[in-house]
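A.B. asks: with the input below, show me the fold.
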Amino acid sequence: MKRGGDLAVAVLAGIIAVPLGLVIALLIRCTMGGPVIFRQARSGRHGREFEILKFRTMRDMRYADEPDAPRITRIGALLRKTSLDELPQLWNVARGDMAVIGPRPTLPEQVVHYSPRQRGRLDIRPGLTGWAQVRGRNSITWPERIELDLWYIANRSILLDLRILALTAKILLRPTGITAPGGVNPGFPVPAAEPLPQPQPQARIVLPRQRVATEQAHQS
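C.D. replies: The predicted structure follows:
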């Protein structure tokens, strides 16, 4: 039943999204060139990886290790602020990679650091929006976001989904929590680096001649 609702929403939203998406694609093409779509591997239900789709918001790097922030174009910043960069994910919903509501899909290199409890976040399809998205989005820490997602999974219902949709519409009109301070979500649980092995003291080797000289020195 939920899958049928996801498909219905994807089709209805697509009626508006397709012409709007064509305009956005043209603007990106004119300001940044191709490609228009940004693709990235994410972890979906039960950890199965899929390719998430977004409108491109950053220009190419001018030099190695150039930070992300200076690469965001004016069009890209507007797309992020309005969440219009997420429109292509309606195709992910149609394909069955994502749902309309659920935990936001995470990078595989982040998922490998999940504890057994946190892996419960992968029990359902990731969503376009979710309980953590409407309760703080990127302004809260990763552990808080994961706990909110786990709470949603344990308590999900049609009424809760309708509440999330209403809150999502409100946030889209008055965007908040789009990015964390400094662009990095604090507190993601990663294991501490293992201490480097300490060098062991080496035993001093005394050659026979050195031993004789030492003994003679003591005798004198």
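A.B. asks: just the helices in the protein please.
C.D. replies: Using DSSP state H, the helices of the chain run over 2-32, 74-82, 89-95, 108-111, 131-134, 142-155, 158-173, 208-219.
A.B. asks: average pLDDT for the third one?
C.D. replies: Mean per-residue pLDDT for helix 89-95: 96.
A.B. asks: that helix: which residues count as buried?
C.D. replies: 89, 90, 91, 92, 93 (16 or more other C-beta atoms under 10 Å). (Glycine included, C-beta is placed from N, CA and C.)
A.B. asks: next one: the last one from residue 126, what distance?
C.D. replies: From residue 93 across to residue 126, the span is 10 Å (C-beta to C-beta, to the nearest Å).
A.B. asks: ok, the second one next?
C.D. replies: Distance of residue 90 to residue 126, computed by C-beta to C-beta: 14 Å.
A.B. asks: which one of the helices of the chain lies nearest to residue 41?
C.D. replies: Residue 41 sits nearest to helix 108-111 of all the helices of the chain, at 6.0 Å, using C-beta to C-beta.
A.B. asks: who does the residue most central in space within the chain bridge with?
C.D. replies: Per C-alpha atoms, centre = their mean, the C-alpha nearest to the average position across the chain is that of residue 106, at 4.2 Å. On the basis of DSSP bridges, residue 106 is bridged to residue 43.
A.B. asks: isn't it up against residue 42?
C.D. replies: Yes: shown here, residue 106 and residue 42 form a contact pair, counting by C-beta atoms under 8 Å, at 6.5 Å.
A.B. asks: okay, and the common contacts of the two?
C.D. replies: residue 126 (C-beta atoms under 8 Å, 6 or more residues apart in numbering).
A.B. asks: show me where the protein dips below the pLDDT cut-off.
C.D. replies: 1, 175-220 (pLDDT under 70).
A.B. asks: quick one: contacts for residue 32?
C.D. replies: Counting by C-beta under 8 Å, 6+ apart, residue 32 has contacts 56, 59, 60, 73, 75, 76.
A.B. asks: my guess is residue 42 meets residue 127, correct?
C.D. replies: No: the pair residue 42 / residue 127 is not scored as a contact, 11.9 Å apart, by C-beta under 8 Å.
A.B. asks: burial measure for residue 49, as a count.
C.D. replies: 14 (other C-beta atoms under 10 Å).
A.B. asks: ok, the one 4 residues further on next?
C.D. replies: Taking other C-beta under 10 Å as the neighbour definition, residue 53 ends up with a count of 20.
A.B. asks: can you get me a residue count around the closest residue to it other than its chain neighbours?
C.D. replies: Closest residue to residue 53 apart from its sequence neighbours, by C-beta to C-beta, 6 or more residues apart in numbering: residue 88 at 3.7 Å. The number of residues packed near residue 88 is 21, by other C-beta under 10 Å.
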